[in-house]
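>>> sharing a model that was predicted from the sequence below.
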Amino acid sequence: MRKYDAVISDIDGCLGPETTEPMDTARVVELLKWNRAAIETGDRPVLTVCSGRPQPYAEAICRMIGNNEIPCVCENGVWVYDPKDNRFLMDPAIKPEHLDAARAAMRWADQELEPKGIIYQPGKSASMSLWHRDTPFLMAQVPMIRERFAKEGWPLRVSNTVAWVNCDLAFVSKATGIARLAAERGLKKERLLGIGDTMGDMAIREMVGFFACPANADPQLKKVADYVSSKEEVEGVLDVLGRIKPS
């Protein structure tokens, strides 16, 4: 009998690099084989994703790894995408005024940040992820961004990953997305395994019974992990899966 009913993994820094380097396709194929076996035999949990990436990107990753069974969390919880029924479910707590605030923030970014070389990731519906080629310069803008959001009354939380500044609705997160995913499939916390690499993935850690990190994870996140792999990124994920592989 399998111990877990689903594995929920971040994408960047876990299934692929945080940089723009190519994904390790040979090892991604191993994830595909894992999910095919999980779906065909039921002897192991299906691997799905929980990411700040836009829904189309997360859907593409699910297709790459052969997950057409378990919903995935996209845009830091804004969307739960169900590949089994091809359903796109926005968090019902998000109202028109919240979408208006996110779009107003994007318009401000177009006017005030883009001239400084700061751009936002396209494809998001109710959040904004900012990037600049000079990461320290980008991170130095965080206090100013927070101050502007507060002044405008935009209910956006500002946080960062390795190279991005994320501006998300304060009441939406990976944790709320996983809660919706679990409710959709009747999954229990103690039977979920999570994998993450940055402090933003504390939201995954809070929602699963067992949490693991690849070797490249933030040292502070490693402190709260149940297992830390000696291998990085996707090799680390495969290492974690190997520890729950049926004998």
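On my side now, so go ahead. Everything numeric here is computed off the predicted structure, so don't read it as measured data.

>>> quick one: contacts of the longest helix along the chain?
Of all the elements of type helix in the chain, the one with the most residues (DSSP state H) is helix 25-41. Applying Cβ atoms under 8 Å, 6 or more residues apart in numbering, the set of residues contacting helix 25-41 from outside is 15-16, 43-47, 64-69, 234-235, 237-238, 241. Every residue, glycine included, has its C-beta placed from N, CA and C.

>>> enumerate the positions of stretch 43-51 that are buried.
Buried positions in stretch 43-51, judged by neighbour count with 16 or more other Cβ atoms under 10 Å: 44-51.

>>> reformat those as a markdown table; add secondary structure.
Below are the buried residues of stretch 43-51 laid out as a markdown table (DSSP: H, G, I helix; E, B strand; the rest coil):
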| residue | secondary structure |
| --- | --- |
| 44 | coil |
| 45 | coil |
| 46 | strand |
| 47 | strand |
| 48 | strand |
| 49 | strand |
| 50 | strand |
| 51 | coil |
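
>>> can you redo those residues as TSV with distance to residue 87 and pLDDT?
Supplementary listing: the buried residues of stretch 43-51 in TSV, determined by distance: Cβ to Cβ, whole Å; pLDDT from 0 to 100:
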residue	distance to residue 87	pLDDT
44	25	97
45	21	98
46	17	98
47	20	98
48	14	98
49	16	98
50	17	98
51	18	97
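
>>> take those and write them to JSON lines, including distance to residue 91.
Shown next, in JSON lines, are these (distance: Cβ to Cβ, whole Å):
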{"residue": "44", "distance to residue 91": "30"}
{"residue": "45", "distance to residue 91": "24"}
{"residue": "46", "distance to residue 91": "23"}
{"residue": "47", "distance to residue 91": "23"}
{"residue": "48", "distance to residue 91": "17"}
{"residue": "49", "distance to residue 91": "17"}
{"residue": "50", "distance to residue 91": "14"}
{"residue": "51", "distance to residue 91": "15"}
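
>>> quick check: closest non-adjacent residue to the residue nearest the centre of the chain.
What sits nearest the mean C-alpha location of the chain, by Cα atoms, centre = their mean, is residue 51, with 1.5 Å. Ranked by Cβ to Cβ, 6 or more residues apart in numbering and with sequence neighbours excluded, the top spatial neighbour of residue 51 is residue 11, at 4.3 Å.

>>> for the one you found, what are its contacts?
By Cβ under 8 Å, 6+ apart, the contact set of residue 11 is 49, 51, 53, 57-58, 61.

>>> go on, residue 61?
If a contact means Cβ under 8 Å, 6+ apart, then residue 61 has 11, 15, 49, 51, 53, 72 as its contacts.

>>> now the two most distant members of those residues.
Of all pairs drawn from the contacts of residue 61, the one with the largest separation by Cβ to Cβ is 15 and 72; the distance is 11.5 Å.

>>> how near is the residue nearest to the centre of the chain to residue 40?
In this structure, residue 51 and residue 40 are separated by 26 Å, where distance is defined by Cβ to Cβ, to the nearest Å.

>>> break this protein into its domains for me.
The record assigns the chain these domain ranges, following automatic domain parsing: 6-92+172-242, 96-169.

>>> farthest pair within the contacts of residue 11?
Maximum pairwise distance among those (Cβ to Cβ): 9.5 Å, between 49 and 57.

>>> picking up where we left off before, return the most buried member of the domains of the chain.
Among the domains of the chain, the stretch with the highest mean neighbour count (mean count of other Cβ atoms under 10 Å) is domain 6-92+172-242, at a mean of 20.

>>> all set now, cheers.
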